[in-house]
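Student: sequence? don't have it. structure:
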C-alpha cells in the first residue's frame, strides 16, 4: 500500500478505482495512467490465470495501488 493511498484511506477520502478482468497488460497500463486511486484485479470472475495476473500487477503497481481477489475453494 502506497503512503498516499493509505493517507487517503485513513482520512476517509473518496477513492475511485476500477476492476480489471481482462488479461491484457496494455489495458492495465492505460488504466494505471488514467488517474484512478487503485485497480482491482479480479481473478474470481474472469478466466485470468495467476501468471497473467502477475503481469497485470507488475505493469500497474508502479503507478497505482493494485490488489487482487482469489476465491480458493469457496464461491466468491
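Tutor: Done, it's in. Just so it is clear, the model here is predicted, and its values are computed rather than measured.
Student: Can you show me the helices along the protein?
Tutor: 3-10, 25-33, 50-60 (DSSP state H).
Student: Next, format those helices as TSV and append mean neighbour count and mean pLDDT.
Tutor: Placement of C-beta: from N, CA and C, glycine included. Below are these laid out as TSV (neighbours: other CB atoms under 10 Å; pLDDT from 0 to 100):
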stretch	mean neighbour count	mean pLDDT
helix 3-10	12	87
helix 25-33	16	91
helix 50-60	17	89
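Student: Would you reformat those as a markdown table and include distance to residue 39?
Tutor: Formatted as a markdown table, the helices of the chain follow (distance: least, CB to CB, whole Å):
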| stretch | distance to residue 39 |
| --- | --- |
| helix 3-10 | 11 |
| helix 25-33 | 6 |
| helix 50-60 | 5 |
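Student: now for those, which one comes closest to residue 16?
Tutor: helix 3-10 (10.3 Å; CB to CB).
Student: Show me what the closest one is packed up against.
Tutor: Helices and strands touching helix 3-10, by 3 or more CB pairs under 8 Å, 6 or more residues apart in numbering; DSSP states H and E: there are none.
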